[in-house]
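In: Pasting the sequence and the predicted coordinates here, then a few questions.
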Amino acid sequence: MVPGGDRLLGGLVAAVITLTALAALVIGVALYLRARNALVARRWQRLEAQWSAVLLDVMAGDEPPSRLHALVPDSRATLFTDFLARYASRVRGAERLALAEAAAPWLPRLVRRARARDEARRAVAVHTLGLLGMKQYAAEVVRALDDPSPLVAMTAARALAHREHARWAPEILARLPRFDSWNRASLSALLAGIGPAAAPALREALANPAYPPQARAVAGEALRALNDLPAADTAARILRASSDRDLCATCLRLLRATGRPEHLDAVRRHLDSADAVLRAQAAGAFGAIAEPGEVTALLPRLADDSPWVVLEVARALASAGLVALLQSLAGSSSPGAAAAGQALAELEGA
């Protein structure tokens, strides 16, 4: 027998027993937590079902909000405001006002939560205030635009960026530079969602040389989405003075949507840009705002070394109604033949 074998075997047996006991303990704790969470979930479901039954009557005007208030224990205030916020995100008008009235006694707590140490708690509180407390606490939501947390600041911007809150658009735009790290398309769509009432503030942001070019470009994209015709003059002025690629590209797209023939000079200077993106955008804008007879001035640019520029030129010719010319090009061996064929195919599919 190996010396010490009994002790080794005894140690192994003890280890197995210990590990088995620990595993049983872990399983027991997991089962307990699962049972407790299921119990809590059932209690919340019963409570929310009770609230829902009365809330529907309150929203319909058949019951006063005080009827609902009596069903909310003080310990469940946070759960209740979260419950109301879920409803509020799906309704507008009188129904939203009824929900705000139902939440009124607990809104001061949300104000305190909006200043909590944890950024997630602050963000949720600001979101809920935006849905249910704008009448009394709009200033608190605006204050959150300057929160150190980008998450909280963007939550505040989303809460304010609605047609019914259009008067707060300048507050969002004044802080555009801090949102540079956010997706530009999403941010411009958010601003456009405020509606035409935001256009004057958006034009000011686009024209403001103190803003970073990226922030000005976001404002320009929002104006393009709004099809804001007065913004064309601002875009033309920027194209004559700026050398920033993204800002100029945005202004060219804006002129493509809103420009007039008097803006052609601002567009022409970018037809010869060293940047293919700007040349392509300039060709598209030129084709959109020039008189049909002037579009033929783009013909030499079918030899551009960028396929995107050539395609935009072909599309400009198509939009000017120069179908016969495109058909001739498509059947030739010229550099623009393929682009002419694609422009014709797009014209037929439109």
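Out: Everything's here; your move. Numbers count the residues shown, from 1 in each chain.
In: what's the distance between W168 and A53?
Out: Look at W168 and A53: by Cβ to Cβ, to the nearest Å, they are 35 Å apart. (C-beta placed from N, C-alpha, C; glycine too.)
In: Between those two, tell me which one has more neighbours.
Out: Between W168 and A53, counted using other Cβ atoms under 10 Å, W168 has the larger neighbour count: 24 against 11.
In: Determine the number of other residues adjacent to the nearest residue to that one once chain neighbours are set aside.
Out: In space, and not counting its chain neighbours, W168 is closest to L160: 4.5 Å by Cβ to Cβ, 6 or more residues apart in numbering. Residues lying near L160 (other Cβ under 10 Å) number 24.
In: from what I can see L160 touches I172, true?
Out: Yes. Counting by Cβ atoms under 8 Å, L160 touches I172, with 5.8 Å between them.
In: List the residues that are in contact with both of the two.
Out: Here L160 and I172 share the contacting residues L145, scored by Cβ atoms under 8 Å, 6 or more residues apart in numbering.
In: Can you list the low-confidence ranges for this protein?
Out: 1-6, 8-11, 28-33, 35-45, 350 (pLDDT under 70).
In: 90 instead?
Out: Along the chain, the model assigns pLDDT under 90 to residues 1-103, 176-183, 292-293, 319-321, 329-336, 340, 346-350.
In: so which helix or strand takes in the most centrally placed residue in it?
Out: Geometric centre of the chain, nearest residue: S186, 3.2 Å, by Cα atoms, centre = their mean. For S186, the host element (DSSP states H and E) is helix 184-192.
In: For that helix, could you pull out the residues that count as buried?
Out: 184, 187-188, 190-192 (16 or more other Cβ atoms under 10 Å).
In: Remind me what that helix packs against, helices and strands.
Out: Applying 3 or more Cβ pairs under 8 Å, 6 or more residues apart in numbering; DSSP states H and E, we find helix 184-192 packed against helix 169-173, helix 213-225.
In: Single out the most deeply packed of the ones you listed.
Out: helix 213-225 (a mean of 25; mean count of other Cβ atoms under 10 Å).
In: what residues does it touch?
Out: For helix 213-225, the surrounding residues in contact (Cβ under 8 Å, 6+ apart) are 173, 176-177, 179-180, 184-185, 187-189, 191-192, 198-199, 202-203, 205-208, 231, 235, 238, 242, 244, 246-247, 249-251, 253-254, 257-258.
In: And the residues you listed, which of them are buried?
Out: For the contacts of helix 213-225, a burial check counting by 16+ other Cβ under 10 Å picks out 173, 176, 179, 184, 187-188, 191-192, 198-199, 202-203, 205-207, 231, 235, 238, 246-247, 249-251, 253-254, 257-258.
In: Just the ones in helices from these, please.
Out: When those are checked against helices (DSSP state H), the matches are 173, 184, 187-188, 191-192, 199, 202-203, 205-207, 231, 235, 238, 246-247, 249-251, 253-254, 257-258.
In: now the helix holding S186: how far from the chain's centre is it?
Out: Here helix 184-192 shows a centroid-to-chain-centroid distance of 5 Å under the convention Cα atoms, centre = their mean, to the nearest Å.
In: same check, this time on stretch 134-141
Out: 22 Å.
In: residue contacts, the closest residue to G284 other than its chain neighbours?
Out: Nearest residue to G284, sequence neighbours excluded (Cβ to Cβ, 6+ apart): E312, at 4.6 Å. E312 is in contact with 280-281, 283-284, 287, counting by Cβ under 8 Å, 6+ apart.
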